[in-house]
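S.K.: heads up, no residue letters with this:
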């Protein structure tokens with residue numbers, strides 16, 4: 001079992017790269033908004049109820065996938081490096097797979113904020129993430145989060161052996177997926 005965690009700031013291309021990677025491997029894509037969009041009609045993400053349900057659904061999916069015969073899973077996540085709770089969450093998720101003999105791979109994406117604002121309104125993103133369709137609100141959230149949290153790691157902060165950092169500001173999702181596949185022999 002292979003667990004590929006693709007992380008980085010909003011609209012950096014995590015879901016799009018994950019989708020392209022799933023096309024050229026046997027990995028299944030589980031982008032973070034799959035659970036957010038599922039719960040949102042009942043409880044907005046960010047509320048106590050919404051957050052609890054999103055975490056619960058993700059946890060159950062991770063547990064079942066980790067026990068399955070699937071080749072592997074791609075999961076996308078916005079990781080706030082200045083929040084201990086995010087570090088703890090990532091450790092917890094990785095342990096689910098590692099305790100069952102799975103391999104964990106980290107892919108960190110980074111891109112310029114101007115490029116991310118352009119990507120924030122791409123048709124594929126808006127199709128997959130209805131909660132992002134209010135572009136003005138989504139852009140403001142992107143900019144506010146950028147000021148509030150550190151969404152990319154410092155040099156040498158990630159200590160994992162299977163770690164790859166890619167600045168994809170000027171790279172296509174297809175090219176980034178090929179780099180990941182080649183680097184990790186997926």
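M.R.: Thanks, I have it. Owing to the predicted nature of the structure, the values given are computational and were not obtained by experimental measurement.
S.K.: What ranges does the chain have for its strands?
M.R.: 2-7, 27-30, 72-77, 103-110, 163-167 (DSSP state E).
S.K.: Just say which of those strands is most tucked in.
M.R.: Comparing those by mean neighbour count (mean count of other C-beta atoms under 10 Å), strand 2-7 ranks first with a mean of 24. All C-beta spots, glycine's among them, are computed from the backbone N, C-alpha and C.
S.K.: Now do the helices in the chain.
M.R.: 14-23, 33-39, 48-67, 84-98, 113-119, 123-128, 135-148, 173-184 (DSSP state H).
S.K.: Any chance of TSV for those, columns mean neighbour count and distance to residue 165?
M.R.: Below are those laid out as TSV (neighbours: other C-beta atoms under 10 Å; distance: least, C-beta to C-beta, whole Å):
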stretch	mean neighbour count	distance to residue 165
helix 14-23	23	13
helix 33-39	18	23
helix 48-67	15	24
helix 84-98	14	15
helix 113-119	15	16
helix 123-128	13	22
helix 135-148	13	18
helix 173-184	18	11
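S.K.: still on that earlier bit, tell me which of the strands of the chain approaches residue 130 most closely.
M.R.: Of all those, the one in closest proximity to residue 130, counting by C-beta to C-beta, is strand 72-77 (16.5 Å).
S.K.: Which strands border that closest one, and is each parallel or antiparallel?
M.R.: Applying DSSP bridges, strand 72-77 is found paired with strand 2-7 (parallel), strand 27-30 (parallel).
S.K.: At the geometric centre of the protein, which residue sits there?
M.R.: residue 76 (1.5 Å; C-alpha atoms, centre = their mean).
S.K.: got a list of what the nearest residue to it once chain neighbours are set aside touches?
M.R.: Excluding the flanking residues, the one nearest residue 76 by C-beta to C-beta, 6 or more residues apart in numbering is residue 14, at 3.8 Å. Residue 14 sits next to 6-8, 31-32, 76-78, 109 when contact means C-beta atoms under 8 Å, 6 or more residues apart in numbering.
S.K.: Going by distance to residue 92, which of those wins?
M.R.: residue 77 (12.2 Å).
S.K.: Now do the contacts for that closest one.
M.R.: Contacts for residue 77 (C-beta under 8 Å, 6+ apart) come out as 5-7, 14, 32, 90.
S.K.: Recalculate using a threshold of 7 Å.
M.R.: Listed by C-beta atoms under 7 Å, 6 or more residues apart in numbering, the contact partners of residue 77 are 5, 7, 32.
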